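A.B. asks: Take a look and give me a structure for this.
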Amino acid sequence: MEDLFQYFPLLFVAFGALIMLSSIKGIIDGKQFVRRAQRVPGVVSDVRTTFVGRGQNLRARQRPVLTFTTVEGREITTEAATTSDLGIGNETEVLYDPQNPTNAMPADNADGGYSGIVIGLIAVVIGLAFFSKFSDFSSFSGL
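C.D. replies: Numbering: from 1, shown residues only. Down below sits the predicted model:
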């Protein structure tokens, strides 16, 4: 059982790597969306709040409801694909998918979140540090 405990920090490494890979995928997907998206002026017509988690971990996520006119002249009102701090009545540039105009987001949110990569990297470093501290390297031949 004690031998198993020394490998527990590797869960931090795996968890951190998973967060980093997920964040990198999100950034790549976001950049692909920006390349194909149309950019038009819009306004926040409402804000929808959802709650995630439980108890002390309960967090509110606010997604703006965007109203904009496509380059073809269609008026669209849709909940943004990303969270934002924009309030009702705020004007913003909107990026939308020309194939599916209800897939839209404020242009300010298009840069992607690099914080997931940083958090993942921190978890990997902590996991490796604890692993090196608690593992017995003398049991590995040649080290």
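A.B. asks: contacts and neighbour counts: CA atoms only from here.
C.D. replies: Noted.
A.B. asks: Note down every partner strand of the longest strand seen in the chain and its orientation.
C.D. replies: Of all segments of type strand in the chain, defined using DSSP state E, the longest is strand 38-52. Sheet partners assigned to strand 38-52 using DSSP bridges are listed as strand 59-69 (antiparallel), strand 91-97 (antiparallel).
A.B. asks: got the CA positions of it in CSV?
C.D. replies: Extracted in CSV, the C-alpha atoms of strand 38-52 (Å, rounded to 0.1, in the frame of the first residue of the first chain):
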residue,chain,number,x,y,z
GLN,A,38,-18.3,36.7,-39.7
ARG,A,39,-17.8,39.9,-37.6
VAL,A,40,-20.8,42.2,-37.1
PRO,A,41,-21.9,44.8,-34.5
GLY,A,42,-24.3,43.6,-31.9
VAL,A,43,-25.8,44.3,-28.5
VAL,A,44,-26.3,42.3,-25.3
SER,A,45,-30.1,42.0,-25.0
ASP,A,46,-30.1,39.8,-21.9
VAL,A,47,-27.8,37.8,-19.6
ARG,A,48,-28.5,34.2,-18.7
THR,A,49,-27.0,33.0,-15.4
THR,A,50,-26.4,29.3,-14.7
PHE,A,51,-25.0,27.8,-11.6
VAL,A,52,-22.3,25.1,-11.5
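A.B. asks: Put together a markdown table for the strands paired with strand 38-52, with distance to Val125, mean pLDDT and mean neighbour count on each row.
C.D. replies: Shown next, in a markdown table, are the strands paired with strand 38-52 (distance: least, Cα to Cα, whole Å; pLDDT from 0 to 100; neighbours: other Cα atoms under 10 Å):
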| stretch | distance to Val125 | mean pLDDT | mean neighbour count |
| --- | --- | --- | --- |
| strand 59-69 | 27 | 92 | 20 |
| strand 91-97 | 36 | 94 | 21 |
